[in-house]
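Student: Quick one, fold the following:
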Amino acid sequence: MRLQALAFSASVAGVAVSIYLTAVHYAGFPLACPVGGTINCEAVLSSPYAVIAGTSVPTSAAGIIWFAVSAALWIRRDRRVQLGWSAIGMLTVLYLVFIEIVRIGAICVWCTAAHILVLGIFLVAVSRASVGR
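Tutor: Have a look, this model is predicted:
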């Protein structure tokens with residue numbers, strides 16, 4: 001039960017981070033993040049990869065949806081669906097980290113926070129699925 005509460009809390013935190021990044025995208029106000037060197041949120045969030053398939057919709061908007069569905073699934077308590085949903089999130093995170101490191105050459109601290117939350121949710125889902133509780 002504690003792990004489930006942890007995953008739910010991580011989902012809510014992920015919604016908050018994603019809302020912040022989406023608000024920054026649309027409002028255009030400066031990010032609370034370093035802008036020089038390898039850690040450079042501006043480089044990541046102004047890249048062509050920061051939006052979904054060339055639209056003006058930021059990837060963080062998809063994060064809002066993913067984390068909100070994740071929170072709902074942790075309330076629902078369906079282990080198989082939680083595992084599948086978190087695996088989709090984890091695969092997306094792996095792709096986005098690849099893009100940050102290889103294509104852009106910069107890391108976004110806020111994006112990394114969201115990625116760590118997805119990893120935590122995924123690990124809880126795997127743990128619950130393997131234990132069968």
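Student: When you work out contacts or count neighbours from here on, use the C-alpha atoms and nothing else.
Tutor: Noted.
Student: Tell me the buried residues in the lengthiest helix in the chain?
Tutor: For the chain, the helix that runs over the most residues, judged by DSSP state H, is helix 2-27. For helix 2-27, the neighbour count (16 or more other C-alpha atoms under 10 Å) marks 3-4, 7-22, 24-25 as buried.
Student: in the helix or strand just after that helix, what's buried?
Tutor: Per DSSP states H and E, helix 2-27 leads on to helix 41-45 as the next helix or strand towards the C-terminus. By 16+ other C-alpha under 10 Å, the buried positions in helix 41-45 come out as 41-45.
Student: Excluding sequence neighbours, find me the nearest residue to the residue nearest the centre of the chain.
Tutor: Taking C-alpha atoms, centre = their mean, the centroid of the chain lies closest to residue 114, which sits 3.7 Å from it. Distances taken as C-alpha to C-alpha, 6 or more residues apart in numbering put residue 14 closest to residue 114, at 5.7 Å, once the chain neighbours are dropped.
Student: For residue 35, see how far away that neighbour is.
Tutor: Distance, residue 14 to residue 35, using C-alpha to C-alpha, to the nearest Å: 22 Å.
Student: Let me see the contact set for residue 88.
Tutor: Residue 88 is in contact with no residue at all, counting by C-alpha atoms under 8 Å, 6 or more residues apart in numbering.
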